[in-house]
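[1] here's my sequence, what's the structure:
(chains A and B)
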2 protein chains.
Amino acid sequence: MSKLSYKEAMQVNPHLDKSKPYPLAGLLVVDFTHVLSGPTCTRMLADAGARVIHIERKTGDDTRHIGPYLEDGSSEYFRICNIGKESIALDLKDPKDHDLVENMIAKADIVVENFRPGVMTRLGFDPDEMVKKYPRLIFASISGFGQYGPWAKQSAYDTIVQAFSGIMDATGDANGKATRVGTSVADVVAGIMGYSAITTALVARERTGKGTTVDVSMLDSTFALMVQDLMTVLGIHQIPHRIGNRHPYMYPFDTFECKDQALAICCGNDELWKILSHTLGHDEWTNQSEFKTNDLREKNWQKVKSVMQDVLMTKTASEWDKILNDAGIPAGLILNVNDTSKLDQIVMRGMVKQLPDGNEVIGTPMKFGTWNSYGVQKDAPQLDEDGEKIRKEFE
Amino acid sequence: MSKLSYKEAMQVNPHLDKSKPYPLAGLLVVDFTHVLSGPTCTRMLADAGARVIHIERKTGDDTRHIGPYLEDGSSEYFRICNIGKESIALDLKDPKDHDLVENMIAKADIVVENFRPGVMTRLGFDPDEMVKKYPRLIFASISGFGQYGPWAKQSAYDTIVQAFSGIMDATGDANGKATRVGTSVADVVAGIMGYSAITTALVARERTGKGTTVDVSMLDSTFALMVQDLMTVLGIHQIPHRIGNRHPYMYPFDTFECKDQALAICCGNDELWKILSHTLGHDEWTNQSEFKTNDLREKNWQKVKSVMQDVLMTKTASEWDKILNDAGIPAGLILNVNDTSKLDQIVMRGMVKQLPDGNEVIGTPMKFGTWNSYGVQKDAPQLDEDGEKIRKEFE
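    Numbers count the residues shown, from 1 in each chain, chains lettered A, B, ... in the order given. Presented below is the predicted three-dimensional model:
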């Protein structure tokens, strides 16, 4: 666990210099997003230094009314997704507010929205039309299933997309039930993929002057995570089955019970297997006919697991963790994210940081030598906090 | 399941026009990556039209020797990660090969590597030095724990990072075991985050002329997925616990057993709860004191689940899927990824596509109006397939 406070971590760490210029400084983002996938994308834009104006309806983003709530009654859900942004509350059906938004889009580099396909068109801001009218604009839409195709209009939430994508069926014990990934992975990955597509479009715009629409879906993005199972499906035309915690094509690459709790051990090649056999006091495993290659260990994984397990049960997970890592075998304890958030490695890299108001938030995983890698320095806005200023600016 | 062949899907679909220009056309990537996180990043660069030269050691990328294997004995693992790239086999300790690589880097826009921190320096290509020498260069390093910090030199594999990040502890039943996500999510997400950081750096370079090093870690990237649990940790300072398939802050947002199999149902607000109550024949649930707001349903989720379950067990998952979706309630079957890969929506969006040699591969989730959204059009290379051509070009 970290012995460093967040402030100390900053002081000893030139990598997180807050005064460095941001890579996307000067870019203007008009942000129509709500809940999770869209706000994740625009938070990444804010972390990279773009100015993000979050347009909320008069009652605020849905997540302002979803817990967990802080002591002042505000939503932590909203906060963690919207740090570093400005907020203006508008009624997009009011002609005056509509004109204001049109003026904002006219000056924007990027629009991001995650309504159901068709909603922006009904509101008078059709993506294709907007890019025709403002040819340098990047208009990004994030949705459950995409802007076209037979399912385009269907609504989606993270758990539905996890169910459709195959990731839920692939997670869990072979004899157990399909298991949801313990975070909203479909939302968050679609947000990251949306960010990837927007920055790709920005590169192309800088080089050609042309804007574009962007269409990223939660289903496409989550499906694309399924690399190993898709090797099975597309390569050897077999149906993959969930297999618990082990790797489909390498062994031993699994979690193992020790005296007190489980330990992850990853032995990716024959050289590591030799070291592991030695470290567990069984040099004879190295060349044993059932164990000597990865393909054989994979085929006979139950036997490998069983003989390893007998040895591992003699000490605690922490004891084995040290012994194995000292020997060069990748191994690791299974941590609760509360413990992860306090690891020196996480704190040193600014993955948890404290904002000036004292609130703690997630940092940015994009670390640059030349550019600011600290990310946003300001908390999430109150509803319409920047409304007056923005109205004056774009009227 | 799809009634369209991949070819037909292309013909009816102007969104996937193969002749459109690529957003990153003309950029040169020198790719020192191996196995999964790095190759995922450089495959995205290839999908966006950059030229990717994959430098392999004389024995080839590790994954050439990991299954599953195709009939010709080649590795599907290598293939799915390296479509669209060129291959040259080199011995980086050989002075002649070293000079060739230096010439390539001198002309490159981007270098990507995922060795352990320090290896590129030992090979004579220190990231900071390279960016000093070639000031427009973007030199991206993807690693388990990052280029700095107390754990920087530690080796990592996907399962270890899943264990450390908190995602494994968060996945699975409340009374069950910590569960590995059924795909190498830490590797793949680090690859996507690496791509995000590279394109961000490209935007900054186009606008300022400055290159940069990029440092993305699997631990940072996977930790950043844990949005909901981090609300609990950072916001309300509690320790989150794994909770099976339900959402931590919304209910009903879970999987439910029907007569034959489970169905995912996501009811994110009170309006949908009203419709759901009506559709399940229990209008009285809408205003029932224990159920009437999301916060109440979340608190009393076991009771909500129990009364819903009684009704849902009377029909099959497919029957309820249709009834609920027709009523506007987001619901979905839990599919095996083999079935996902054959969905019309997946095929129409080119998320599975057939290359000219007949092999099927994953498409790109980044869809653009202006730019090519089909992705790479060429299969993975044989070892050193492009070696002679590349040697001539960069000698």
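[2] how about A:Lys305, nearest residue that isn't a chain neighbour?
    A:Asp254 (6.5 Å; Cβ to Cβ, 6 or more residues apart in numbering or on different chains). Just so you know, the C-beta spots here come from the backbone N, C-alpha and C atoms, and that holds for glycine as well.
[3] that neighbour in helix, strand or coil?
    strand (DSSP: H, G, I helix; E, B strand; the rest coil).
[4] tell me where the stretch 251-395 of chain A has helices.
    A:270-279, A:294-299, A:301-312, A:317-326, A:337-340, A:344-348, A:387-394 (DSSP state H, counting those that start in this stretch).
[5] got those helices as CSV, with mean pLDDT, distance to A:Gln228 and mean neighbour count columns?
    Compiled in CSV, the helices of the stretch 251-395 of chain A are given as follows (pLDDT from 0 to 100; distance: least, Cβ to Cβ, whole Å; neighbours: other Cβ atoms under 10 Å in any protein chain shown):
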stretch, mean pLDDT, distance to A:Gln228, mean neighbour count
helix A:270-279, 96, 19, 17
helix A:294-299, 93, 12, 18
helix A:301-312, 97, 15, 16
helix A:317-326, 96, 24, 17
helix A:337-340, 97, 24, 22
helix A:344-348, 95, 27, 22
helix A:387-394, 98, 47, 14
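[6] which one of those lies closest to A:Ile198?
    helix A:387-394 (21.3 Å; Cβ to Cβ).
[7] which residues does that closest one contact?
    Where contact means Cβ atoms under 8 Å, 6 or more residues apart in numbering or on different chains, the residues beyond helix A:387-394 that reach it are A:53, A:86-89, A:100, A:103-104, A:107.
[8] which among the residues you listed end up buried?
    Burial by neighbour count, judged by 16 or more other Cβ atoms under 10 Å in any protein chain shown, picks out A:53, A:86-89, A:100, A:104 from the contacts of helix A:387-394.
[9] nearest to A:Leu16, of the residues you listed?
    A:Glu86 (23.6 Å).
[10] just to revisit the earlier point, farthest-apart pair in the contacts of helix A:387-394, please.
    A:Ala89 and A:Lys107 (19.8 Å).
[11] out of the helices of the stretch 251-395 of chain A, flag the one nearest B:Thr212.
    helix A:344-348 (19.9 Å).
[12] elements contacting the closest one?
    Contact here means 3 or more Cβ pairs under 8 Å, 6 or more residues apart in numbering or on different chains; DSSP states H and E; on that basis helix A:344-348 packs against helix A:6-11, helix B:218-223.
[13] want to throw those helices into a markdown table with distance to B:Ile239 and mean neighbour count?
    What follows is the helices and strands packed on helix A:344-348, written out as a markdown table (distance: least, Cβ to Cβ, whole Å; neighbours: other Cβ atoms under 10 Å in any protein chain shown):
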| stretch | distance to B:Ile239 | mean neighbour count |
| --- | --- | --- |
| helix A:6-11 | 19 | 15 |
| helix B:218-223 | 16 | 30 |
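[14] tabulate these in a markdown table, adding columns for distance to A:Ser221 and mean pLDDT.
    Formatted as a markdown table, the helices and strands packed on helix A:344-348 follow (distance: least, Cβ to Cβ, whole Å; pLDDT from 0 to 100):
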| stretch | distance to A:Ser221 | mean pLDDT |
| --- | --- | --- |
| helix A:6-11 | 31 | 71 |
| helix B:218-223 | 14 | 98 |
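[15] which one of those lies closest to A:Gly268?
    helix B:218-223 (14.1 Å).
[16] tell me the predicted confidence for A:Met1.
    Confidence at A:Met1, expressed as pLDDT, is 50.
[17] check which residues of stretch A:358-374 are buried.
    A:359-374.
[18] what's the first-to-last distance across that stretch?
    16 Å (Cα to Cα, to the nearest Å).
[19] so how far is that stretch off the chain centroid?
    Relative to its chain's centre, stretch A:358-374 lies at 14 Å (Cα atoms, centre = their mean, to the nearest Å).
[20] quick one: that stretch near chain B?
    Yes: shown here: stretch A:358-374 in contact with chain B (Cβ under 8 Å from any Cβ of the partner chain) through A:359-371, A:373.
[21] does any part of stretch A:122-136 sit near chain B?
    Yes: with Cβ under 8 Å from any Cβ as the criterion, chain B is reached by stretch A:122-136 at A:127-128, A:131.
[22] which residues touch that stretch?
    So stretch A:122-136 is contacted by A:92-93, A:98, A:101-102, A:105-106, A:108-109, A:111, A:120-121, A:137, A:139, A:141, A:147, A:205, A:209-213, B:369-370 (Cβ under 8 Å, 6+ apart).
[23] phi, psi of A:Val188?
    Torsion angles at A:Val188 (phi, psi; degrees, to the nearest 10) stand at phi -70, psi -40.
[24] so what's it up against?
    A:36-37, A:40, B:224-225, B:227 are the contacts of A:Val188 under Cβ under 8 Å, 6+ apart.
[25] cutoff 6 Å now
    A:40, B:225, B:227 (Cβ atoms under 6 Å, 6 or more residues apart in numbering or on different chains).
[26] returning to that earlier point: can you say which of the helices of the stretch 251-395 of chain A is nearest to B:Gln162?
    helix A:337-340 (11.1 Å).
[27] near chain B at all, that closest one?
    Yes: using Cβ under 6 Å from any Cβ of the partner chain, helix A:337-340 reaches chain B at A:337-338, A:340.
[28] just curious, which of the residues you listed is nearest to chain B?
    A:Val337 (2.7 Å; Cβ to the nearest Cβ).
[29] flag the shaky bits of chain A, pLDDT-wise.
    A:1-4, A:10 (pLDDT under 70).
[30] with adjacent residues omitted, what lies nearest to the residue of it most remote from its centre?
    Of all residues in chain A, A:Glu284 has its C-alpha farthest from the mean position, at 43.0 Å, by Cα atoms, centre = their mean. If the residues on either side of it in the chain are set aside, A:Glu284 comes closest to A:Ser277, at 7.5 Å by Cβ to Cβ, 6+ apart.
[31] got the contact list for the one you found?
    A:Ser277 neighbours (Cβ under 6 Å, 6+ apart): A:283, A:285-286.
[32] just the buried subset of those residues, please.
    A:Trp285.
[33] name the nearest of the contacts of A:Ser277 relative to A:Asp187.
    Once Cβ to Cβ is applied, the member of these that ends up nearest A:Asp187 is A:Trp285, at 43.6 Å.
[34] so the closest one makes contact with A:Leu296?
    No: if you go by Cβ atoms under 6 Å, A:Trp285 and A:Leu296 don't touch, sitting 11.3 Å apart.
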